[in-house]
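Asks: no sequence on this one, just coordinates:
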């Protein structure tokens, strides 16, 4: 959960800093995004993508936790 929060904060900071740096360099192409291109459908799609990523991260964490508990249990039984 913390990884997702930190990733989101870093992505926002990188977007802000990157946009400022690219505007100074003028040699690099930029992706034009304005209010006209931000439709409700694109916003909903971005939110759905974030939710799907969160659900995938949670399910992956649970699967990993289950696997490692099983491995630990086998190691304890062998000793």
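Replies: Alright, I've got the coordinates. Just so it is clear, the model here is predicted, and its values are computed rather than measured.
Asks: What is the least confident helix or strand in this structure?
Replies: helix 2-25 (a mean of 80; mean pLDDT, DSSP states H and E).
Asks: Show me which positions of it end up buried.
Replies: In terms of neighbour count (16 or more other CB atoms under 10 Å), helix 2-25 has no buried residues at all. The way it works is simple: take the backbone N, C-alpha and C, and place the C-beta from them, glycine included.
Asks: mind listing what's buried in whichever helix or strand comes after that helix?
Replies: On the C-terminal side of helix 2-25, the closest following helix or strand by DSSP states H and E is helix 40-78. Neighbour-count burial for helix 40-78 flags no residue at all (criterion: 16+ other CB under 10 Å).
Asks: How about the contacts made by residue 56?
Replies: The neighbours of residue 56, taking CB atoms under 8 Å, 6 or more residues apart in numbering as the test, come to nothing; the list is empty.
Asks: same thing with the one 10 residues further on?
Replies: Remark: with contacts taken as CB under 8 Å, 6+ apart, residue 66 is in contact with nothing.
Asks: Tell me the confidence at it?
Replies: At residue 66, the pLDDT value in this model is 91.
Asks: Check residue 32 too.
Replies: 70.
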